[in-house]
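okay, sequence plus prediction incoming.
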Amino acid sequence: MTVSTIEMNELMKLLSAIVLLIVSTWFGYLGLPSQMGLAILAGALGLAFSNIDKISEFSGAGFSAKMKEEVQAIIDKETEPDIEDKDQESADLGVEHSKIIAALNHSKYTWRSLAGISKESNITEPEAWKALVWLTKHGLVRTGNKNKTGAMIWALTRVGRAVAANDS
């Protein structure tokens, strides 16, 4: 008998909830506050990690977790776009927009700096900036936290990847 990933995840949630609610209550009843705190932390960690794909930020019992935008962009890059996303019209895109989307769709990078985008697309940085702002406004590109040098970084959204796939 094989246990599916979904069943395993549901079992993890159930066990975490039991530890969080029942075990911690039992330790509280016995007057063991340290063990009760550890049981609460263990239950919260179990629930956080069983729902890691759904949370963006979680805090509790001295533990906090936050899913970064950078991680989500990598997940989006590595997953197949939805069928609705593939049908996205790219007729409104200008030549500069298409070049920038192609530069952002480079297989080696998920996040790109303005300098890298400008260099690869052969567009000046001010023109690339203007096009990136337009693409962001139209949901094809997203910005992330600054890179190590302090420069803003950019990545394609799912819709942007679908447009890139349609253009190639």
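Alright, I've got the coordinates.

and K148, that one's in a helix?
No - counting by DSSP: H, G, I helix; E, B strand; the rest coil, K148 is not part of a helix but coil.

would you point out the helix or strand in this protein whose mean pLDDT is lowest?
helix 83-86 (a mean of 44; mean pLDDT, DSSP states H and E).

what mean pLDDT does stretch 140-158 get?
For stretch 140-158, mean pLDDT rounds to 80.

ok, now stretch 38-50?
Stretch 38-50 comes out at a mean pLDDT of 84.

now the following helix or strand past the least confident helix or strand of the chain: mean pLDDT?
On the C-terminal side of helix 83-86, the closest following helix or strand by DSSP states H and E is helix 95-104. What helix 95-104 shows for mean pLDDT is 85.

tell me how far whatever helix or strand comes next after helix 95-104 is from the chain's mean position?
For helix 95-104, the succeeding helix or strand toward the C-terminus, using DSSP H and E, is strand 112-113. Chain-centre distance of strand 112-113: 17 Å, with C-alpha atoms, centre = their mean, to the nearest Å.
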